[in-house]
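Trainee: Pasting a predicted model and its sequence here:
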Amino acid sequence: GIENIERYAKIFGLGEKTGVEIGSEGAGTIPSPAWKAKNFNGDVWVKGDTYHTSIGQYGFLVTPLQMAKAIAIIATDGKVVRPTLLKNDSQNQVQLGIDNAIFSVVKQGMRMTVTEGTAQILSIPGLRVAAKTFIPSFFSTGSDSPVTTASLIVETPLRIIPSVGMDSPGRMTNISPILS
């Protein structure tokens, strides 16, 4: 349920600042019953809220760097590295206490995204690539209509985790590579 989504989101650093050496980093939001009550005049959490949150919709708000960090954790079977702009900065590395079999299942799903899912364009003969696609939406300042974007995070055999965001077809807004 939502408690496990919230728990694992925190374990993977989603909805929290990464600590990267940039001025004002956003934290994001992982929706929860308490968050809904606070932001929607005491409204009660319903099962549909969990469904939307589980696919990264509703009030789910993370940065591309947080997603890249989470995918890097999966790629390294639980090794958490604080993103950094400094070359060879190995401080703050910890190992999560999650069974490697769980990471294996997640990696298989990410691989299937490339072999038979929404990222088939990345299926390159001789190169094993896995990916996580997601379609975040946000509201522009002064607008009542959500802007839907497309984002993609890829794991390659070289452990380079690029995060690509597009705010309209064919227009990239960011590319954030992470070495894991």
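Mentor: Cool, got the structure. Residues are numbered from 1 along each chain as shown.

Trainee: Spatially central residue for the protein, please.
Mentor: Met67 (2.6 Å; Cα atoms, centre = their mean).

Trainee: which SSE is that one in?
Mentor: helix 64-75 (DSSP states H and E).

Trainee: Report all helices and strands that that helix contacts.
Mentor: When contacts are defined as 3 or more Cβ pairs under 8 Å, 6 or more residues apart in numbering; DSSP states H and E, helix 64-75 sits against strand 79-81, helix 100-115, strand 130-134, strand 150-155, strand 160-161, strand 163-168, strand 178-179. (Glycine included, C-beta is placed from N, CA and C.)

Trainee: Pull out the buried positions in the second one.
Mentor: Of the residues in helix 100-115, Phe103, Val106, Lys107, Met110, Arg111, Thr113, Val114 count as buried by neighbour count, 16 or more other Cβ atoms under 10 Å.

Trainee: Relative to Val46, which of these is nearest.
Mentor: Proximity of the buried residues of helix 100-115 to Val46 (Cβ to Cβ) peaks at Val106, which lies at 27.3 Å.

Trainee: Might you report the residue contacts of Asn39?
Mentor: Gly59 (Cβ atoms under 8 Å, 6 or more residues apart in numbering).

Trainee: now with 6 Å?
Mentor: By Cβ atoms under 6 Å, 6 or more residues apart in numbering, the contact set of Asn39 is empty.

Trainee: Return the backbone torsion pair for it.
Mentor: phi -90, psi -10 (degrees, to the nearest 10).

Trainee: low pLDDT regions in the protein?
Mentor: 86-92, 135-180 (pLDDT under 70).

Trainee: Roughly how far does Gly109 sit from Ala37?
Mentor: Between Gly109 and Ala37 the computed distance is 32 Å (Cβ to Cβ, to the nearest Å).

Trainee: Spatially, which residue comes closest to Thr133, not counting chain neighbours?
Mentor: Thr118 (4.7 Å; Cβ to Cβ, 6 or more residues apart in numbering).

Trainee: ok, back up a step: what's the most distant pair in the buried residues of helix 100-115?
Mentor: Phe103 and Val114 (17.1 Å).

Trainee: From one end of stretch 76-94 to the other, what's the distance?
Mentor: Chord length of stretch 76-94, first to last residue, is 11 Å (Cα to Cα, to the nearest Å).

Trainee: do the same with stretch 9-21
Mentor: Using Cα to Cα, the two ends of stretch 9-21 sit 22 Å apart.

Trainee: what's the answer for stretch 121-132, then?
Mentor: Note: stretch 121-132 ends 13 Å apart using Cα to Cα.

Trainee: Next: stretch 116-124.
Mentor: OK, stretch 116-124 end separation, Cα to Cα: 13 Å.

Trainee: Show me how far it is from its chain's centre.
Mentor: Remark: stretch 116-124 is offset 18 Å from the chain centroid, using Cα atoms, centre = their mean, to the nearest Å.
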